[in-house]
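>>> coordinates only, no sequence provided:
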């Protein structure tokens, strides 16, 4: 009985982590779309290293595809949790995503923009921790 309670608690924690990640990733997706529309100047993002509009479009398009891909993996995890299914491949992808966000946090520490330094690091570090919670047993 207690084991079942512990399992249900773990599932609820993971679903909460997923919901928070969905909100943060949706905001991140909106942020990248705002950059593409140039409401935020491209020289204020990517640690101030972008040199042209074309370069910004390549980087932002890649970022949007990455965020959508991450959302797809997390949505698959959400469906698996709801159905009580364990999938090792999904967990491996989430470990990779956790590592990606952890490395991105380190990269954000070198940003020239204080906003990117503080918010970017906080966001990617939070997403890394959430993915760690999702991937562990």
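Sure thing, it's come through. Because the structure is predicted, anything quoted here is derived from the model rather than measured.
>>> the helix or strand bottoming out on mean pLDDT in the chain packs against which elements?
Across the helices and strands of the chain, mean confidence by mean pLDDT, DSSP states H and E is lowest for helix 114-115: a mean of 82. For helix 114-115, there is no helix or strand it packs on, judged by 3 or more C-beta pairs under 8 Å, 6 or more residues apart in numbering; DSSP states H and E. Heads up, the C-betas are built off the backbone N, CA and C, glycines and all.
>>> contacts for that helix next, please.
residue 44 (C-beta atoms under 8 Å, 6 or more residues apart in numbering).
>>> list the buried ones in the next helix or strand after it?
Scanning forward in sequence from helix 114-115 by DSSP states H and E, the next helix or strand is helix 121-135. Residues of helix 121-135 classed as buried by neighbour count (16 or more other C-beta atoms under 10 Å): 121, 123-125, 127-135.
>>> ok, so of those residues, who is nearest residue 35?
Checking the buried residues of helix 121-135 against residue 35 by C-beta to C-beta gives residue 123 as the nearest, at 14.4 Å.
>>> what sits against that closest one?
Taking C-beta under 8 Å, 6+ apart as the criterion, residue 123 is in contact with 24, 28.
>>> okay, the buried residues of helix 121-135 in a markdown table with pLDDT and distance to residue 112 next?
Output for the buried residues of helix 121-135, formatted as a markdown table (pLDDT from 0 to 100; distance: C-beta to C-beta, whole Å):
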| residue | pLDDT | distance to residue 112 |
| --- | --- | --- |
| 121 | 92 | 13 |
| 123 | 95 | 17 |
| 124 | 95 | 17 |
| 125 | 96 | 19 |
| 127 | 97 | 22 |
| 128 | 97 | 22 |
| 129 | 96 | 25 |
| 130 | 97 | 27 |
| 131 | 96 | 27 |
| 132 | 95 | 28 |
| 133 | 93 | 31 |
| 134 | 94 | 32 |
| 135 | 91 | 32 |
